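*Asks:* Next input, structure requested:
(2 chains)
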There are 2 protein chains.
Amino acid sequence: MKTISIRENVLAENDQIASKLRERFCRNKIFTVNIISSPGSGKTTLLEKTIIALKDDLDIQIIVGDVKTENDAGRLKKAGGKAVQIQTSGACHLDARMIQKILNVMEFNGPGLLIIENVGNLVCPASYDLGEDVKVVILSAPEGDEKPLKYPAVFHRAGLLIITKTDMLELCNFDSQAAYRNAAQINPSIKCIKLSAKTGEGMQAWFDWLKDNVAKKISS
Amino acid sequence: MKTISIRENVLAENDQIASKLRERFCRNKIFTVNIISSPGSGKTTLLEKTIIALKDDLDIQIIVGDVKTENDAGRLKKAGGKAVQIQTSGACHLDARMIQKILNVMEFNGPGLLIIENVGNLVCPASYDLGEDVKVVILSAPEGDEKPLKYPAVFHRAGLLIITKTDMLELCNFDSQAAYRNAAQINPSIKCIKLSAKTGEGMQAWFDWLKDNVAKKISS
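*Replies:* Numbers count the residues shown, from 1 in each chain, chains lettered A, B, ... in the order given. Model (predicted):
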């Protein structure tokens, strides 16, 4: 019981900071997505391609969370992106305070797009609001189409499911319709985009989704 | 600071229960492995094949942890195994108390092999001792060979690294030697087995590793 109430306090404190971040993003017309997935689902590769495709149209900033290493921010900078790395030193998720701290040293005042690439973990990051407009959950073909049922919290809270590595669907015996059905069973309003960052299939739908949402944010 | 000390208390309490479990496994000559990996790395498929190969030689019991669903224990029972499911109701890892509780209702007195399939999560389960003889970390080819550097805690504490889905190495541009080097940089004494549960390649090394360790435990 003690553990639970402490956890509730931690989450309540996180939510307060997240609310302030949300107000700030709204004021500055920054559309913010919080990307959550297992390790190795292809988050960073997707973001490399996203930067290359959209950097001339949108002002994009990326915050990357990892338990250790700065590899991912390095990869994104090489792709021409503005990226900063948070090393969580063991923590299994990003929290709102980490985002608040790093925002204070970043020069990003909007309007534009802020993408937060969370720590690779399909469980814990789901509980921590980062002030984002929408959580995006990524599920890659090799992980299996039943995962929404096994890890429901993140699918419940996400606005968009991206199925990645669609070039491997057949090899992995991954049924995209079943994956979507399983996700929609948890969250009937979840949207779904299927893509392969490797072949480029489906990438345009993701770019359009981002551009539409940034445009809406700016005109709001 | 308060959060940290609470976490330390939780872990200290967990370690006390884990010590009791370890004594019990030792007394009953049960070799116990705690398998940790990302979601979708192929844990359950590996265990299905393991049950089929070894059930006539060894007394095997499996405890499966999942946030939600009993699918995995169902799959393992279908393969002819004795399996029980723990649904963690949101928790991102198994802890020693969960193992203690379920052991009290299982009829498994050894000697033999207890395999604990942890919740799919490469971060949090690493911190929770379950009284096991050895932690086994699984890394699948689609996840990428740099992951030991990004998620060091579990690689630091594991005795064995299993690289799975080796039939997809080339397709995923996964360098097994780099993966092993990265793991050994964190933990120089870690052993490594490469296998594909799909093609059968390398499976015998895993079976032999289990049989040798059970034999050692029984004769100890």
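*Asks:* tally of neighbours for the closest residue to A:Asp129 other than its chain neighbours?
*Replies:* Leaving aside its sequence neighbours, A:Asp129 sits nearest to A:Ala18 (Cβ to Cβ, 6 or more residues apart in numbering or on different chains; 3.8 Å). C-beta here means a position set from N, CA and C on the backbone, and glycine is covered the same way. Counted with other Cβ atoms under 10 Å in any protein chain shown, the neighbours of A:Ala18 add up to 21.
*Asks:* Over to A:Ala18. Which of the three states is it?
*Replies:* helix (DSSP: H, G, I helix; E, B strand; the rest coil).
*Asks:* Next, the contact list for it, please.
*Replies:* Contacts for A:Ala18 (Cβ atoms under 8 Å, 6 or more residues apart in numbering or on different chains) come out as A:Ala96, A:Tyr128, A:Asp129, A:Leu130, A:Gly131.
*Asks:* Residue numbers of chain A in contact with chain B?
*Replies:* Within chain A, the positions near chain B by Cβ under 8 Å from any Cβ of the partner chain are A:2-3, A:6, A:10, A:38-40, A:66-69, A:71, A:90, A:92, A:119-124, A:140, A:142-144, A:146-147, A:149-153, A:165, A:168, A:171.
*Asks:* Please flag which of those sit within strands.
*Replies:* A:Asp66, A:Ser140 (DSSP state E).
*Asks:* Can you flag the buried ones in the residues of chain A next to chain B?
*Replies:* A:6, A:10, A:38-40, A:66-69, A:92, A:119-124, A:140, A:142-144, A:146-147, A:149-153, A:165, A:168 (16 or more other Cβ atoms under 10 Å in any protein chain shown).
*Asks:* all helices of chain A, in order?
*Replies:* A:2-27, A:43-54, A:71-78, A:96-103, A:147-150, A:152-157, A:176-186, A:203-219 (DSSP state H).
*Asks:* and these, which is most packed in?
*Replies:* Most buried of those by mean neighbour count (mean count of other Cβ atoms under 10 Å in any protein chain shown) is helix A:147-150; its value is a mean of 23.
*Asks:* In contact with the residue nearest the centre of chain A: list those residues for me.
*Replies:* A centroid search over chain A (Cα atoms, centre = their mean) returns A:Ile35, at 0.8 Å, as the residue closest to the centre. Counting by Cβ under 8 Å, 6+ apart, A:Ile35 makes contact with A:Lys43, A:Leu47, A:Ile115, A:Ile116, A:Glu117, A:Asn118, A:Lys135, A:Val136, A:Val137, A:Ile138.
*Asks:* I'd say the last one and A:Ser37 touch.
*Replies:* Yes - between A:Ile138 and A:Ser37 there is a contact at 3.7 Å, judged by Cβ atoms under 8 Å.
*Asks:* Need the overlap of contacts for the two.
*Replies:* A:Lys43.
*Asks:* so where's chain A shaky on pLDDT?
*Replies:* Along chain A, the model assigns pLDDT under 70 to residues A:1-4.
*Asks:* want to try CSV for the contacts of A:Ile35, with distance to A:Lys191 as columns?
*Replies:* Formatted as CSV, the contacts of A:Ile35 follow (distance: Cβ to Cβ, whole Å):
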residue, distance to A:Lys191
A:Lys43, 18
A:Leu47, 19
A:Ile115, 17
A:Ile116, 19
A:Glu117, 19
A:Asn118, 19
A:Lys135, 12
A:Val136, 10
A:Val137, 11
A:Ile138, 13
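*Asks:* Select from those residues every entry located in strands.
*Replies:* A:Ile115, A:Ile116, A:Glu117, A:Lys135, A:Val136, A:Val137, A:Ile138.
*Asks:* So the second one versus chain B, what's the distance?
*Replies:* Put plainly, it is A:Ile116. 17 Å (Cβ to the nearest Cβ, to the nearest Å).
*Asks:* of the contacts of A:Ala18, closest to chain B?
*Replies:* A:Tyr128 (12.1 Å; Cβ to the nearest Cβ).
*Asks:* Now for the closest one, how many residues are close by?
*Replies:* A:Tyr128: 23 neighbours (other Cβ under 10 Å).
*Asks:* For burial, what's the neighbour tally of A:Asp57?
*Replies:* 12.
*Asks:* quick one, what contacts it?
*Replies:* By Cβ under 8 Å, 6+ apart, the neighbours of A:Asp57 are A:Lys211.
*Asks:* Chain B versus that one, what's the distance?
*Replies:* 29 Å.
*Asks:* What values do phi and psi take at that residue?
*Replies:* Backbone torsions for A:Asp57, taken as degrees, to the nearest 10, come to phi -100, psi -30.
*Asks:* ok, now the one 10 residues further on?
*Replies:* Summarising the backbone geometry of A:Val67 under the convention degrees, to the nearest 10, its torsions are phi -60, psi -40.
*Asks:* Pretty sure it sits against B:Pro152.
*Replies:* Yes - if you go by Cβ under 8 Å, A:Val67 and B:Pro152 touch, sitting 7.2 Å apart.
*Asks:* Now A:Asn118: closest residue in space, sequence neighbours ignored.
*Replies:* A:Pro125 (4.3 Å).
*Asks:* Tell me how many other residues crowd that neighbour.
*Replies:* That count, for A:Pro125 with other Cβ under 10 Å as the rule, works out to 27.
*Asks:* need the contact list for it.
*Replies:* A:Pro125 neighbours (Cβ under 8 Å, 6+ apart): A:Asn34, A:Ile36, A:Cys92, A:His93, A:Leu94, A:Asn118, A:Val119, A:Val154.
*Asks:* for A:Glu143, same thing?
*Replies:* A:Ser38, A:Ser41, B:Ser38, B:Pro39, B:Gly40.
*Asks:* Of these, which is the nearest to B:Ala158?
*Replies:* B:Ser38 (13.7 Å; Cβ to Cβ).
*Asks:* Contacts only, for that closest one.
*Replies:* Taking Cβ under 8 Å, 6+ apart, one finds A:Ser38, A:Pro39, A:Gly40, A:Gly120, A:Leu122, A:Glu143, B:Gly120, B:Asn121, B:Leu122, B:Leu139, B:Ser140, B:Glu143 in contact with B:Ser38.
*Asks:* how does it look with 6 Å?
*Replies:* Going by Cβ atoms under 6 Å, 6 or more residues apart in numbering or on different chains, B:Ser38 touches A:Ser38, A:Pro39, B:Gly120, B:Leu122, B:Glu143.
*Asks:* So what's the gap between stretch A:7-17 and the chain middle?
*Replies:* Here stretch A:7-17 is found 20 Å from its chain centre; the criterion is Cα atoms, centre = their mean, to the nearest Å.
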